[in-house]
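Participant: Here is my input, please return the structure:
(2 chains)
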Protein chains: 2
Amino acid sequence: MSHLKKVWPKLILIGSSSTQYSFSADGCWGSLLANFLQRKCDVINRGFSGYNTRWCNKMIPSILSEFDAKNISMVTVFLGANDSNLPTNKQQHVPLEEFKQNLLEIVEKIQSHGVPREKVVIIGPPASNISAWEKDCQINGRVCTKSNTETAKYAKACVEAARESGCSSVDMYTEMVKEKDWENMLNDGLHLSSRGCEYLFDLLKPVVTKVTAELPMLYPDWKQMEVLLLYCCFVSFVYWSIAAP
Amino acid sequence: MSHLKKVWPKLILIGSSSTQYSFSADGCWGSLLANFLQRKCDVINRGFSGYNTRWCNKMIPSILSEFDAKNISMVTVFLGANDSNLPTNKQQHVPLEEFKQNLLEIVEKIQSHGVPREKVVIIGPPASNISAWEKDCQINGRVCTKSNTETAKYAKACVEAARESGCSSVDMYTEMVKEKDWENMLNDGLHLSSRGCEYLFDLLKPVVTKVTAELPMLYPDWKQMEVLLLYCCFVSFVYWSIAAP
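Facilitator: Numbers count the residues shown, from 1 in each chain, chains lettered A, B, ... in the order given. As a prediction, this is how the structure comes out:
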């Protein structure tokens, strides 16, 4: 079976909690992608809850070190939900200018690893349902440091960073707030619900379809198995009849 | 960040359609495992719809060739739903004795690759809702060649093969038919529904928990980030104060 690829292509999801939870029932956009790309590509989760671009920027070489660039079909970078916290959240907040610079550096590092920019997608942070998130924070003894005015600026910076670095972008914030029921796209006010994940998947689908268009289905369809076996028998027969001594 | 693991551990799911579809909304047991093992282990789908043990047995070396044994945390082998078709289904049917022998050879090949038998789980085929599957076959112009009497024999062979080869087993058939609503565990009569996948996940959980008990959470919790950065600063300070010239 030497004609078969030994290493399967990878789609690597880099990000924060919405990426880490992307195989859960609610946050299912990773599962949706894995299902969409079955028999073509592995979907690899490198999401780290609570992380911002400052930390992820440092981690990119370590994250990518286990993958050979030629096997990477696509990389998503889904950050900003933590960076865009108000400056009072000293641990997670990253100033807007630094955020954009970090994104540019992240894309540059991915490219340095050998992944062409056409295969990189920056996903901007979603809007938050502030009153729901405030309630969630209260219950869990935390202070709400989210504001959609701030998130909108970070979402814009994502689009700019993608344009400047020549990669694709999905502007989740801008797209979702066009919908009447956008608050249903979140579960606790901050994280994506299954409705939100399906919406994100629909936004990603054209990019993923384009980038993975050349990927073949791996291993033959079972209905072709008998035909293949017959073909192998025929080739062996011809070989032994003609070429063998 | 040299203290961090470069290659993440892998749980490899080998099987037929119920494995190939394991990241779909209905057939979600792969997603459930991926969510359960987030930040610990990648769940890799090597499911091939329609395949039997005869074909998978040949493919095992090729499937495993891309993975270093030391990174494989666990392997599931979920086959038998196709092998156990009646002999009139010439393409998929595999005689019972050969089926068991193929399973033994599959486990042996996985062990030869360097994966200890304790990390291998054979999952037996589920029962079928024959009348529902007959309807589905009729609609799609196929002949129904499934029988639960046959499947029960193949399920038993899975348990025997696991015992003889010293690996774990999950007897899906026997366990599910104990439940009153077992027919709800299937969607088209043959493939697992989300109820069936949750049931399978519950059966797998003790084995997965045991086998992956030693796996650490990869990369620090974000709440420890500041502490870690302070620690790094302190270590650097001590180094430059004492060791540096």
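
Participant: Which secondary structure element of chain A has the lowest mean pLDDT?
Facilitator: One helix or strand of chain A scores below all others by mean pLDDT, DSSP states H and E: helix A:225-238, with a mean of 64.

Participant: ok, A:Thr53 to chain B distance?
Facilitator: 13 Å (CB to the nearest CB, to the nearest Å). All C-beta spots, glycine's among them, are computed from the backbone N, C-alpha and C.

Participant: That residue: how many residues sit nearby?
Facilitator: 26 (other CB atoms under 10 Å in any protein chain shown).

Participant: Any residue of the helix or strand hosting A:Leu32 touching chain B?
Facilitator: Assigning secondary structure by DSSP states H and E places A:Leu32 in helix A:29-36. Yes: judged by CB under 8 Å from any CB of the partner chain, helix A:29-36 and chain B are in contact via A:Gly30, A:Ser31, A:Ala34, A:Asn35.

Participant: Could you export the residues you listed to CSV, including columns for neighbour count?
Facilitator: Compiled in CSV, the residues of helix A:29-36 next to chain B are given as follows (neighbours: other CB atoms under 10 Å in any protein chain shown):
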residue, neighbour count
A:Gly30, 29
A:Ser31, 27
A:Ala34, 27
A:Asn35, 23
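
Participant: Tabulate those residues in a markdown table, adding columns for distance to B:Asn89 and pLDDT.
Facilitator: Formatted as a markdown table, the residues of helix A:29-36 next to chain B follow (distance: CB to CB, whole Å; pLDDT from 0 to 100):
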| residue | distance to B:Asn89 | pLDDT |
| --- | --- | --- |
| A:Gly30 | 35 | 98 |
| A:Ser31 | 31 | 98 |
| A:Ala34 | 29 | 98 |
| A:Asn35 | 27 | 98 |
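
Participant: Out of the residues you listed, the closest to B:Ile110 would be?
Facilitator: Nearest to B:Ile110, judged by CB to CB, of the residues of helix A:29-36 next to chain B is A:Ala34 at 22.9 Å.

Participant: ok now do the closest one, which residues does it touch?
Facilitator: Residues counted as contacts of A:Ala34 (CB atoms under 8 Å, 6 or more residues apart in numbering or on different chains) are A:Phe23, A:Asp42, A:Val43, B:Phe23, B:Gly30, B:Ser31, B:Asn45.

Participant: same question, A:Asp68
Facilitator: Taking CB under 8 Å, 6+ apart, one finds A:Val7 in contact with A:Asp68.

Participant: quick one: which of the contacts of A:Ala34 sit in helices?
Facilitator: B:Gly30, B:Ser31 (DSSP state H).

Participant: which of the contacts of A:Ala34 count as buried?
Facilitator: Those of the contacts of A:Ala34 that meet the buried threshold are A:Phe23, A:Asp42, A:Val43, B:Phe23, B:Gly30, B:Ser31, B:Asn45, by 16 or more other CB atoms under 10 Å in any protein chain shown.

Participant: Just send the residues you listed back as JSON lines, with distance to A:Ser131 too.
Facilitator: Formatted as JSON lines, the buried ones among the contacts of A:Ala34 follow (distance: CB to CB, whole Å):
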{"residue": "A:Phe23", "distance to A:Ser131": "29"}
{"residue": "A:Asp42", "distance to A:Ser131": "39"}
{"residue": "A:Val43", "distance to A:Ser131": "34"}
{"residue": "B:Phe23", "distance to A:Ser131": "34"}
{"residue": "B:Gly30", "distance to A:Ser131": "36"}
{"residue": "B:Ser31", "distance to A:Ser131": "30"}
{"residue": "B:Asn45", "distance to A:Ser131": "39"}
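
Participant: and the two most separated of the residues you listed?
Facilitator: Farthest pair in these (CB to CB) is A:Asp42 and B:Ser31. Separation: 13.8 Å.

Participant: Tell me which stretches of chain A form helices.
Facilitator: Under DSSP H, chain A gives helices at A:17-20, A:29-36, A:53-64, A:96-112, A:130-139, A:148-165, A:172-176, A:194-211, A:225-238.

Participant: so which of the ones you listed is the most packed in?
Facilitator: Of all those, helix A:29-36 has the most neighbours on average by mean count of other CB atoms under 10 Å in any protein chain shown, namely a mean of 25.

Participant: shouldn't A:Thr76 be in contact with A:Ile12?
Facilitator: Yes: with contact defined as CB atoms under 8 Å, A:Thr76 reaches A:Ile12; the gap is 7.4 Å.

Participant: Which residue of the two possesses the greater neighbour count?
Facilitator: Neighbour count, other CB under 10 Å: between A:Thr76 and A:Ile12, A:Thr76 has more, with 28 against 24.

Participant: Can you name the residues bridging to the more buried one?
Facilitator: Using DSSP bridges, the bridge partners assigned to A:Thr76 are A:Leu13, A:Val121.

Participant: Tell me, what's the model's pLDDT at it?
Facilitator: pLDDT recorded at A:Thr76 is 98.

Participant: for it, what are its contacts?
Facilitator: So A:Thr76 contacts A:Leu11, A:Ile12, A:Leu13, A:Ile14, A:Gly15, A:Thr19, A:Val120, A:Val121, A:Ile122, A:Ile123, A:Leu204 (CB under 8 Å, 6+ apart).

Participant: likewise A:Ser147?
Facilitator: If you count contacts by CB under 8 Å, 6+ apart, then A:Ser147 has A:Leu86, A:Ile130 around it.

Participant: do you know how far it is from chain B?
Facilitator: When A:Ser147 is compared with chain B (using CB to the nearest CB), they lie 20 Å apart.

Participant: Where does pLDDT dip in chain A?
Facilitator: The model of chain A has pLDDT under 70 over residues A:1-5, A:226-245.

Participant: go again using 90 as the cut-off
Facilitator: Within chain A, the segments meeting pLDDT under 90 span A:1-6, A:223-245.

Participant: what number of residues lie near A:Cys167?
Facilitator: Other residues within reach of A:Cys167, judged by other CB under 10 Å, total 23.

Participant: For it, give its distance to A:Asp202.
Facilitator: As judged by CB to CB, to the nearest Å, A:Cys167 and A:Asp202 stand 20 Å apart.

Participant: Now the closest residue to A:Glu66 other than its chain neighbours. Its backbone dihedrals?
Facilitator: Nearest residue to A:Glu66, sequence neighbours excluded (CB to CB, 6 or more residues apart in numbering or on different chains): B:Val7, at 4.4 Å. The phi/psi pair for B:Val7 (degrees, to the nearest 10) reads phi -110, psi 130.

Participant: My understanding was that B:Val7 contacts B:Asn71; is that so?
Facilitator: Yes: with contact defined as CB under 8 Å, B:Val7 counts as touching B:Asn71 (5.0 Å).

Participant: More neighbours: which of those two?
Facilitator: Between B:Val7 and B:Asn71, B:Asn71 has the larger neighbour count (other CB under 10 Å), namely 16 against 13.

Participant: shouldn't the more buried one be in contact with B:Pro9?
Facilitator: Yes: contact criterion CB under 8 Å: B:Asn71 and B:Pro9 qualify, at 5.6 Å.

Participant: residues in contact with the nearest residue to A:Tyr199 once chain neighbours are set aside?
Facilitator: Using CB to CB, 6+ apart and skipping the chain neighbours, the partner closest in space to A:Tyr199 is A:Met185 (5.7 Å). Contacts of A:Met185 were listed using CB under 8 Å, 6+ apart, and they are A:Pro126, A:Met176, A:Glu179, A:Leu192, A:Ser193, A:Arg195, A:Gly196, A:Tyr199.

Participant: residues touching the first one, list them.
Facilitator: When the contact criterion is CB under 8 Å, 6+ apart, the partners of A:Pro126 are A:Ser18, A:Ala81, A:Thr151, A:Met172, A:Tyr173, A:Met176, A:Met185, A:Leu186, A:Leu192, A:Gly196, A:Leu200.
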